[in-house]
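# I would like the atomic coordinates for the input below:
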Amino acid sequence: MKASQSEEQGRTRLPAAPAVDEPDTAGRHFSGVVAVTRPEELDRWADRVNALEQVEVHMRHQASGRLVAVLEGASVAENEATLERIRSLPGIMMAALVYHYVDEGEDKAPVEGQVVRQAEVKA
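Take a look at the predicted model:
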């Protein structure tokens, strides 16, 4: 269905994401990911996820089969590609981005009003 001209005028176009091999100049990108596998296979798949480049598994919840990992990359697109690699592992039933942060380095001051929070994953 085509939007009317008045609807088109009210929309904001977002810039395209950078290519995977095009690093952002803003800094390092960190993404928090939650993935789910069968509880009895958690250790096997958590080890496979942890073996991926620039990925570190920080938490495993045996009863639910959930794991929490942090991805580090030069761009959003690089982290998205890594998330897709995690999703493509045959034992991973679901993987979702739950947090994203850009570290702009020590010389960058925080943006006024910026709130940085740490999320806790509960069983």
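# Which strand residues bridge H100?
S31 (DSSP bridges).
# That one touches S75, doesn't it?
No - counting by CB atoms under 8 Å, H100 sits too far from S75 to count as a contact (11.5 Å). (Glycine included, C-beta is placed from N, CA and C.)
# Pull up the overlap in contacts between the two.
Residues touching both H100 and S75 (CB atoms under 8 Å, 6 or more residues apart in numbering): H29.
# between the two, which one's more packed in?
S75 (21 against 13; other CB atoms under 10 Å).
# pLDDT score for that one?
At S75, the model reports a pLDDT of 92.
# Can you give me the distance of the closest residue to T37 other than its chain neighbours to G27?
Once flanking residues are discounted, T37 sits nearest to W45: 4.4 Å by CB to CB, 6 or more residues apart in numbering. Remark: distance between W45 and G27 (CB to CB, to the nearest Å) = 30 Å.
# do V49 as well
Relative to G27, and taking CB to CB, V49 is found at 24 Å.
# if you count what's nearby, which of those two comes out ahead?
Taking neighbours as other CB under 10 Å, V49 and G27 compare with V49 leading, 23 against 14.
# per-residue confidence for the more buried one?
Looking at V49, its pLDDT is 97.
# Kindly report the same for the one 4 residues further on.
Per-residue confidence for E53 comes out at a pLDDT of 94.
# Same check on N79?
Reading off the model, N79 has pLDDT 95.
# likewise M1?
At M1, pLDDT is 47.
# same thing with the one 3 residues further on?
Here the pLDDT value assigned to S4 is 50.
# Could you do A35 as well?
98.
# is it in a bridge, and if so with what?
Applying DSSP bridges to A35 yields these beta-bridge partners: L67, A95.
# wait, doesn't it sit right on G91?
No - proximity of A35 to G91 does not meet the contact threshold set by CB under 8 Å, at 9.6 Å.
# Output the lengthiest helix in the chain as PDB, nothing but the C-alphas.
The residue-count maximum for a helix in the chain (DSSP state H) belongs to helix 76-88. Extracted in PDB, the C-alpha atoms of helix 76-88 (Å, rounded to 0.1, in the frame of the first residue of the first chain):
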ATOM      1  CA  VAL A  76      27.400  -1.500  14.100                       C
ATOM      2  CA  ALA A  77      27.400  -3.500  10.900                       C
ATOM      3  CA  GLU A  78      30.400  -5.600  12.100                       C
ATOM      4  CA  ASN A  79      28.500  -6.400  15.300                       C
ATOM      5  CA  GLU A  80      25.300  -7.200  13.300                       C
ATOM      6  CA  ALA A  81      27.300  -9.700  11.200                       C
ATOM      7  CA  THR A  82      28.700 -11.400  14.300                       C
ATOM      8  CA  LEU A  83      25.200 -11.600  15.800                       C
ATOM      9  CA  GLU A  84      24.000 -13.300  12.500                       C
ATOM     10  CA  ARG A  85      26.900 -15.800  12.900                       C
ATOM     11  CA  ILE A  86      25.700 -16.600  16.400                       C
ATOM     12  CA  ARG A  87      22.100 -17.000  15.100                       C
ATOM     13  CA  SER A  88      23.300 -19.300  12.400                       C
END
